[in-house]
Each structure stands twice: as C-alpha cells, then as structure tokens.
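Visitor: Pasted the sequence and its predicted model underneath.
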Amino acid sequence: MRKKTSTAFLTAFACALLAGTAQAADVTFERLLNPEPQNWLTHHRDYGAQRHSPLDQINKSNIKNLKLLFAVPLGGKSTGESLEATPLVDDGFMYIVDSWGVVYKIDVRSGTAGKILWKMDPKLDKQDRNRGVALWNNLVISITGYATRVIATDKETGQIVWDKNLFDQEDLELTAAPLALRDAIIVGGSGGDRGLRNWVAALDPKTGEIKWKTYSIPAPGEPGSETWKDNHNAYLTGGGAFYGTGSYDPANNLTYWGSGNAVPAYDSSFRPGDNLYTSSAIAFDAASGKITWHFQYTPNDNRDYDETGTHILIDTKVNGEDRKVVAHPGRNGFNYVLDRLSGQFLKATQHVKVVSWTKGIDPKTGKPVDYDPSKEVQTYAEGAGTVADKATRQICPTIAGGTNFWPASYSRKTGNLYIPAYEGCGTVTVDTSGHVKGRFNGGNPGQAGAITSSITMIDPATGELKKRVDFPYPNSSGVLSTAGGVVMTGLLDGTVVALDDQTLDELWRFNVGSGFNVPPMTYAVNGKQYIAISSGLCCVRPSGQISNSLAQKGRNPELRDQSNATVLYVFGL
C-alpha cells in the first residue's frame, strides 16, 4: 500500500521518453488501473481518488528551492472566466479544459515552456464551471456545462470523433470531469439547485451512446420514493446533483459518487421526508447502474450541505480488522468512514472547528444525534422555529462547507487524510415562496463574518484528528500529497503553499496574485518532477448569481480589488 517510487525510476523513464516520438501510447484500462508514477491519467490520479503521487524528487529537504519555471495563459474569450480543471499528463503531454469547454493539448516536455499543440473549441454560447477531462485509449473526453454535450476528441489531431448531447430537462448542466472505465465513460448531471432531477450515466466510449442512466431521486414507486412525502411531485425538482467526479473499485466493479442537496435547498417543508438519495454516498454497479448501497449524511437537509466531494477508497485496518473503506470529508463538517462493500457506517470525526447544526453524529448509526425518524421535517439542533417562513438562522459550517468540491488527499506514505475546509459560519433565511424554476432555492443565504480555512490531518482507521493548520483565507483548491513527504494546496489570495506531511509545518510558499479553484497536481518528464496548478476563480453565472469563490473574496476586504487571471503555472527545482 505504501509503495515508494524513487528518482531511479525517473531516470529510466527519461531515457525511454527521449527515444520516443510526439505520439503517446493509448491510455488503456490497464494503464488507468496502474498509472505510471510520472503520469496523471485520471481526474484524481487514481481510481481510488486518493490524489497521492509516488513521486519523491521534490521533497521536504529541497522544496525550499522550488521555483516558477513557466506559465501558460488559458481562456481569453471574455471576462469572468475561471479554471477548475485538474490537468492530466500522459508522457509529457498535458490535457486541460477551460470554462468555455475549450480543450488544450500542451507539450510540457521541455520543462521551460508549455507549447499548445491544438485546441478543440466546442463553440459554447455560455461559459460554465468545468472540472476536467478524461483520457480513454486515443480519446480526450470533455463536458460542456450548460450545453450538456459530451465530446470525444482525438488526442493526436484535436479533431472531434463524436459529440453526444445529454439534454433531458431544462437547467441541466455537466460540470464534473468524466470518469473513464474499461468500456464506459461515467458522467454526472448537475444544476440541481435550479430545480431538476439529476442522474449518473454511463456512455459507450466509442460512440457516446447511453448505456445506462440512474437518477439520484427515485420516481414514484421506486425504492426510496417513500422518502418524498409531499403531494406535489417535488421529486421532479428535487436536485441531487453530481458535480464532483466519483471513484471506482475495479475488484467489485462499483463506482462511488456523492450526491447533491435536496431542492429547494433552504425550505425542507416543501419536500417532507428524508429525500433519498440526496446528500448521500451512492455505490453504483458500473455495469448496470443499479444502486448497490447508499448512505445518507444529512436527511431532509435545509442548509445546502450536499456531499458531492471526493469519496476516497482506502484499504486499512479498523478496530484491528482489515477493511476496504470509503472516506468522505463532508460539507456538513464531519469526515465519514464507511465500509465500501456494504455502506456500513464505521466512524465520523468533526473536521471543522465549529459545528452548530447538530450536537454530533451517532457512533452506531452515523445519523445526526438530533435526527428524529418520526418527523417529516428535520430541525436537528436548531429548533422548530428555524424552518418557518422568513425565519433566519445561523449555520456552522457555512453553506459552502466544510469541504465542498475541493478534494482531499490520502497519503499512502503516512496513512493519513489531508482535508481542506472552509472555517466559519453563515446565515439562512427561509422563503417558502422561493420555488421558481431556474432559482429553486426556497430562501437566501447570508454572511456571518469572514471565512478562513484549515487543513486537518485525520487517521481514517482510528478517526483521530492529529493536527490542524489554519489559513487566513478560504481554500477552494484542494490538496495534493506526495511520497516526498509534501502536502500542497492553493488559497484564495493566490498563494501556493507546501506543508510537511507529518507536522503540517510550512515548508514553502509562492504567490501568483490570482486565486485558485484547482488542486495542485504533479508529474515528471525527462527524469524531473514538476508541480502544476491553475489560477482563475469561478465565476459569475448567466443568471447573474456570483458563485462561491468570488463571493468569498468579497468577504475579505483586502482581496476585493484582486484581479482574476486564468493561467497554468508549472513549478520545479
């Protein structure tokens, strides 16, 4: 499990690459199962979503010498652009997508510049959040936000091979990076907050045709439909979005995705009941799409605590017993550990400093201790008056979390999780008339002071929170860990920071002047390791709503005049 890759491998790889051509090998399922140390072939690097690299050339002893080597500006079509995509790297060629759905192939082999070899422009009418591409054989698979298209591009020529539109209801969007398996491309539908019924689907990677589609919200008569107790078909507008890429267990052919909040987000009286399968971990059979198991984190949620963030697969010991688990750092402020074969709850640890919405998690069931199965509308620790029309309540963590779409990392070297989170509180005001298609929120969020951030180090086997380090600005980026003993992240003010994976002491920092929504990643070319991260905060949406990260910048007065730039930065020794 804790395999170490030394620089000796990189030297051998360099010789092989120098003898090669500009055409890389197909990205086969076997390569995706066992990615080469120098490459980053999937959104989370590995199917387990651990975001841990076995590279160790950049390490605790020398990272103080890390410097910016080159930068590549991306986008440039308009104002309000962002970058949320983790770059993929295959033998010296990088693949990344911008907020207009434009896919770039960049030659990064020189280590001194990034030469754009081609762009695939889908010519979208509106830009949107876009969290990355997938590689499958000779194809680059990308999504297109509000246009709801999935596109396969030849990775050598940049020519479109197929283009499939998945539109099936108004306000659908596609923002999560696709997940490439042996014979399927898994795609999640999002846009739930505007009032629609979301799903996960599998596409034929050769044609784009749909193989199966499973909704997060069951239709009447389907298992789980009894948890929607209204009499006005709230399931049709009930949300349950998938905007974070899932993980995959090849041994059991299960893919794990976290689902979004129930909608309307702040008026749970409109949709009485637990509202399955929203705010849940869902294990899908990758062959059929059948839901094998689920675990709901916050039944009848009315705080926007969706749980679309990473579900990390780990083999470890729990209470002295070998267990295959899935760990999820939650938006609701807790880190959960579940058995990944059955969904059995094992442990929960509060990972943010302040949680006010519940008094804790039941150690046997994993439900909030305030959960009352006899109630159709849950109030938890906040009291019955907080769900009334026009009622305002303070919630901790804020509606953004906790940990949202920004991914955590599990280090195979230390056996610890590294969890990035917002620290702070917000308010919610209920509006029972706020059920308008396209803005189906049932209320309004508000501010309750500045938001800061933290990274916590948690042992998923024991649930012990070993260490926390605090930062003055929010972290919408995410975390990378490496075999070199380094943990890296990016902050709202444009700072990239490296920490010691044992102590969380700061080892290095560099400020590029524009904030991050993208986690750092690492790769190697010609025997040399590099760190890459893209700047560009998301975003003013077509409705005029300001999204999370830009809104948070406004809550830090010293950052209000900070400019926004969409640039890929590459660092090395």
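Guide: All right, it came through fine.

Visitor: Now Ser99: closest residue in space that isn't a chain neighbour?
Guide: Sequence neighbours aside, Gln127 is the residue nearest to Ser99 in space, at 4.2 Å (criterion: C-beta to C-beta, 6 or more residues apart in numbering). Backbone N, C-alpha and C define where each C-beta goes, glycine included.

Visitor: Equivalent analysis for Tyr410, please.
Guide: Nearest one to Tyr410, counting by C-beta to C-beta, 6+ apart, is Gln50 at 4.3 Å.

Visitor: before we move on, the earlier item: correct me, but the residue nearest to Ser99 touches Glu84?
Guide: No. Checked against C-beta atoms under 8 Å, the pair Gln127 and Glu84 is beyond contact range at 11.3 Å.

Visitor: out of these two, which sits in the busier spot?
Guide: Glu84 (29 against 26; other C-beta atoms under 10 Å).

Visitor: residues contacting that one?
Guide: 99, 129-132, 175, 405, 517-518, 538 (C-beta atoms under 8 Å, 6 or more residues apart in numbering).

Visitor: Now the two most distant members of those residues.
Guide: Spanning the widest gap among those are Ser99 and Phe405, at 14.5 Å by C-beta to C-beta.

Visitor: chain center to stretch 129-140, what's the gap?
Guide: Centroid displacement of stretch 129-140 relative to its chain, using C-alpha atoms, centre = their mean, to the nearest Å, is 15 Å.

Visitor: scratch that, stretch 178-191
Guide: With C-alpha atoms, centre = their mean, you get 14 Å for stretch 178-191.

Visitor: Could you pull out the buried residues of that stretch?
Guide: Going by neighbour count (16 or more other C-beta atoms under 10 Å), the buried part of stretch 178-191 is 178-181, 184-191.

Visitor: which regions of the protein sit below the pLDDT cut-off?
Guide: Low-confidence segments of the chain (pLDDT under 70): 1-23, 539-557.

Visitor: next structured bit after the longest strand along it?
Guide: What stands out as the longest strand in the chain, according to DSSP state E, is strand 321-329. Next along the chain after strand 321-329, taking DSSP states H and E as the criterion, comes strand 334-339.

Visitor: List just the nearest of the contacts of Glu84 to Ser476.
Guide: Asn517 (5.0 Å).

Visitor: ok so, going back, now the residue nearest to Tyr410: how far from Gly258?
Guide: Gln50 sits 16 Å away from Gly258, going by C-beta to C-beta, to the nearest Å.

Visitor: Compare neighbour counts for the two and give me the winner.
Guide: Regarding Gln50 and Gly258, a neighbour count based on other C-beta under 10 Å identifies Gly258 as having more, with 29 against 23.

Visitor: Dig out what that one forms beta bridges with.
Guide: In this entry, Gly258 is beta-bridged to Ala281, by DSSP bridges.

Visitor: quick one: it and Val326, what's the gap?
Guide: On the measure of C-beta to C-beta, Gly258 and Val326 end up 10 Å apart.

Visitor: who touches both of the two?
Guide: Taking C-beta under 8 Å, 6+ apart as the contact rule, Gly258 and Val326 both touch 281, 311.

Visitor: Export the contacts of Glu84 to CSV and append columns for distance to Phe93, neighbour count and secondary structure.
Guide: Shown next, in CSV, are those (distance: C-beta to C-beta, whole Å; neighbours: other C-beta atoms under 10 Å; DSSP: H, G, I helix; E, B strand; the rest coil):
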residue, distance to Phe93, neighbour count, secondary structure
Ser99, 22, 26, coil
Arg129, 24, 22, coil
Asn130, 19, 29, coil
Arg131, 20, 25, coil
Gly132, 15, 24, coil
Thr175, 24, 26, coil
Phe405, 26, 25, coil
Asn517, 23, 27, coil
Val518, 19, 26, coil
Cys538, 26, 28, coil
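
Visitor: now the helices: where do they sit in the stretch 401-550 of the chain?
Guide: 548-554 (DSSP state H, counting those that start in this stretch).

Visitor: can you give me the strands in it?
Guide: In the stretch 401-550 of the chain, the strands defined using DSSP state E, counting those that start in this stretch lie at 409-410, 417-423, 426-430, 443-447, 452-458, 465-471, 480-482, 486-490, 495-500, 506-511, 521-525, 528-534.

Visitor: what separates the fifth one from the chain centre, distance-wise?
Guide: Distance of strand 452-458 from the chain centroid (C-alpha atoms, centre = their mean) equals 16 Å.

Visitor: before we move on, back to that, out of the strands of the stretch 401-550 of the chain, which comes closest to Asp389?
Guide: Of those, nearest to Asp389 by C-beta to C-beta is strand 426-430, at 5.7 Å.

Visitor: partners of the closest one in the sheet?
Guide: strand 392-395 (antiparallel), strand 443-447 (antiparallel).

Visitor: Switch those over to CSV; also include distance to Ala461 and mean neighbour count.
Guide: What follows is the strands paired with strand 426-430, written out as CSV (distance: least, C-beta to C-beta, whole Å; neighbours: other C-beta atoms under 10 Å):
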stretch, distance to Ala461, mean neighbour count
strand 392-395, 30, 18
strand 443-447, 36, 17
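
Visitor: so can I have a markdown table of those strands showing distance to Gly309?
Guide: Formatted as a markdown table, the strands paired with strand 426-430 follow (distance: least, C-beta to C-beta, whole Å):
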| stretch | distance to Gly309 |
| --- | --- |
| strand 392-395 | 18 |
| strand 443-447 | 19 |
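
Visitor: Relative to Ala251, which of these is closest?
Guide: strand 392-395 (39.2 Å).

Visitor: Need the contact partners of that closest one.
Guide: Contacts for strand 392-395 (C-beta under 8 Å, 6+ apart): 303, 356-357, 382, 386, 425-430, 446, 448.

Visitor: Could you check how far Asn404 is from Ala421?
Guide: 9 Å.

Visitor: actually Tyr410, not the one I wrote
Guide: 16 Å.

Visitor: Same check on Gln50?
Guide: 18 Å.

Visitor: same thing with Ala348?
Guide: Counting by C-beta to C-beta, the gap from Ala348 to Ala421 is 15 Å.

Visitor: One more: Tyr146?
Guide: Taking C-beta to C-beta, one finds Tyr146 at 29 Å from Ala421.

Visitor: So for the two, which sits in the more crowded spot?
Guide: Each of Tyr146 and Ala421 has its neighbours counted (other C-beta under 10 Å); Ala421 has more, 29 against 20.

Visitor: list the contacts for the more buried one?
Guide: Going by C-beta under 8 Å, 6+ apart, the list of residues near Ala421 reads 329, 333, 351-352, 397, 401-403, 453-456, 475.

Visitor: one step back: quick check: which of the strands paired with strand 426-430 is nearest to Tyr266?
Guide: Of all those, strand 443-447 sits nearest to Tyr266, with 3.1 Å by C-beta to C-beta.

Visitor: For that closest one, list the C-alpha coordinates in PDB.
Guide: Coordinates of each C-alpha in strand 443-447 appear next as PDB, following Å, rounded to 0.1, in the frame of the first residue of the first chain:
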ATOM      1  CA  GLY A 443     -34.700  31.100   0.800                       C
ATOM      2  CA  ASN A 444     -31.500  33.000   0.800                       C
ATOM      3  CA  PRO A 445     -28.000  32.500   2.300                       C
ATOM      4  CA  GLY A 446     -26.300  35.400   4.200                       C
ATOM      5  CA  GLN A 447     -23.000  36.300   5.800                       C
END
